[in-house]
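Colleague: kindly return the folded structure for what I paste below:
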Amino acid sequence: MPTSLKDTTTLHNGVEMPWFGLGVFKVKEGSEVIESVKAAIKNGYKSIDTAAIYQNEEGVGQGIREAGVPREELFITSKVWNSDQGYDSTLQAYETSLKKLGLDYLDLYLIHWPGKTKYKETWKALEKLYKDGRVRAIGVSNFKVHHLEELLKDAEIKPMVNQVEYHPHLTQKELLAFCQKEGIQLEAWSPLKQGQLLNEPVITEVAAKYGKSAAQVILRWDLQNKVVTIPKSIKEQRIIENADIFDFELTPEEMEKIDGLNKDERVGSDPDDMSYGFSE
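Modeller: The predicted model follows:
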């Protein structure tokens, strides 16, 4: 069980990925994202997760440089956007992301959404980047079991990570079990369901018992389910608080109670319906 922000899970190719990181979805380009990245790194975060579509890769890169921590100590993720899917366009999108970030390589590069037809071609491009040593790990985002099964039929390299919407209202048990069986690390985006879970009585009751916030209980629940988590915040105090989850442990009964809140309810798009940005 992770005991600090420095703790990592080992991906199936041997690369170590922090269990906990900062997400920057909807964090504004410019000083907002620069300052939140700096605050996170200053307070011990090693993992920063961005994406081409967030339009803040330049600010993330600047925040990394200004934080002054050696590059090899950090774990930086970005994602190829839907309109860039396809073999050549994905290779080009990777170069664009690297340039904006001002980095020589990424630790993890993901296909942002599966779409319908191009993700196998896109995956081939990710495999090439990986084989060429341009990226340390490759994976997918928002892939359901059927997308993964389809991808695995032709993939030379199995995805190392699947980043999906994951929280107590969307526990994705089948997907988690499938990924664990295949050695694919599940990672949670929107772990707090954009704040909608913070007044959930079951969670607030557990939080009161440990003297923790509802957010801390949910993030702890992620880790105890062996799910990497990347909550977003722009306030330094919240960034510090989110990471203060290594000094308590939920009981099996509490874990089960929180699991019981599942409603299969999403705050984001259903991957089967997501067509925004695709040119297919």
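
Colleague: residues in contact with the nearest residue to Glu241 once chain neighbours are set aside?
Modeller: Nearest non-adjacent residue to Glu241, counting by Cβ to Cβ, 6 or more residues apart in numbering: Ser213, 6.5 Å away. For every residue, glycine as well, the C-beta is placed using N, CA and C. Residues in contact with Ser213, defined by Cβ atoms under 8 Å, 6 or more residues apart in numbering, are Leu198, Ala207, Glu241.

Colleague: look up phi and psi at the closest residue to the first one other than its chain neighbours.
Modeller: Read it as Leu198. Distance criterion Cβ to Cβ, 6+ apart; nearest residue to Leu198, sequence neighbours excluded, is Ala214 at 4.5 Å. Phi and psi for Ala214, reported as degrees, to the nearest 10, are phi -60, psi -40.

Colleague: quick one, what contacts Ala214?
Modeller: Going by Cβ under 8 Å, 6+ apart, Ala214 touches Leu197, Leu198, Asn199, Glu200, Ile203, Thr204, Ala207.

Colleague: list the buried residues of the lengthiest helix in the chain.
Modeller: For the chain, the longest helix by residue count, based on DSSP state H, is helix 87-101. Under the neighbour-count criterion of 16 or more other Cβ atoms under 10 Å, helix 87-101 has Tyr87, Ser89, Thr90, Leu91, Ala93, Tyr94, Ser97, Leu98, Lys100, Leu101 buried.

Colleague: excluding residues flanking it in the chain, which one is nearest the last one?
Modeller: Of all residues beyond its chain neighbours, the one nearest Leu101 is Gly61 (3.9 Å), with distances taken as Cβ to Cβ, 6+ apart.

Colleague: any chance you could map the helices in the protein?
Modeller: 31-42, 57-67, 87-101, 119-131, 145-154, 173-182, 201-210, 214-224, 236-242, 252-259.

Colleague: neighbours of the closest residue to Pro18 other than its chain neighbours, how many?
Modeller: Spatial nearest neighbour of Pro18, chain neighbours left out: Ser47 (4.0 Å); criterion: Cβ to Cβ, 6+ apart. By other Cβ atoms under 10 Å, 25 other residues sit near Ser47.

Colleague: any idea how many residues pack against Leu151?
Modeller: 19.

Colleague: can you tell me how far the residue nearest to Glu29 when sequence neighbours are not counted is from Tyr166?
Modeller: Leaving aside its chain neighbours, Glu29 sits nearest to Asn56 (4.4 Å; criterion: Cβ to Cβ, 6+ apart). Separation of Asn56 from Tyr166 (Cβ to Cβ, to the nearest Å): 22 Å.

Colleague: re earlier: what is the rounded mean pLDDT of the longest helix of the chain?
Modeller: In this model, helix 87-101 has a mean pLDDT of 98.

Colleague: show me how far it is from its chain's centre.
Modeller: Using Cα atoms, centre = their mean, to the nearest Å, the mean C-alpha position of helix 87-101 is found 19 Å from that of the whole chain.
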